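Trainee: Turn this into a model:
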Amino acid sequence: MGYKVETKDEFIALVQTEILTSSEVLNELQISRQALGSLVKRGKLVPVKELSRDKLFLREDIESRKAASQELNAKYRPYDE
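Mentor: Here you go, the predicted structure:
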């Protein structure tokens, strides 16, 4: 996916919609902080920026991971639905 930004306002809008904090990722994927740490450590999710107390992720990476998780749950845990 390509991003084209020409103004500061467009950049701010892009960041607000396409960048997620760790807390937002936890809510989106419905996982624990430990599970997120494991996904990052194993390279399943790669933060775009690591701050001292937080990590930032691209929304498209999180949505891709969410879709993969749903497929795995359907395959290996069909009784949960």
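Trainee: In the protein, which helix is the longest?
Mentor: helix 59-76 (DSSP state H).
Trainee: for that helix, packing partners?
Mentor: helix 8-18, strand 19-21, helix 22-29 (3 or more Cβ pairs under 8 Å, 6 or more residues apart in numbering; DSSP states H and E). The way it works is simple: take the backbone N, C-alpha and C, and place the C-beta from them, glycine included.
Trainee: To residue 50, which of the ones you listed lies closest?
Mentor: Comparing the helices and strands packed on helix 59-76 against residue 50 with Cβ to Cβ, the closest turns out to be helix 22-29 (9.9 Å).
Trainee: Output the closest one as PDB, nothing but the C-alphas.
Mentor: Extracted C-alpha coordinates of helix 22-29, given in PDB (Å, rounded to 0.1, in the frame of the first residue of the first chain):
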ATOM      1  CA  SER A  22       0.300  -1.000  21.700                       C
ATOM      2  CA  SER A  23      -2.900  -0.400  23.700                       C
ATOM      3  CA  GLU A  24      -4.900  -0.100  20.500                       C
ATOM      4  CA  VAL A  25      -3.400  -3.300  19.100                       C
ATOM      5  CA  LEU A  26      -4.300  -5.100  22.300                       C
ATOM      6  CA  ASN A  27      -7.900  -4.000  21.900                       C
ATOM      7  CA  GLU A  28      -8.000  -4.700  18.200                       C
ATOM      8  CA  LEU A  29      -6.500  -8.200  18.400                       C
END
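Trainee: Use 45 as the first number for this chain going forward.
Mentor: Okay, using 45 as the starting number, the last item reads as helix 66-73.
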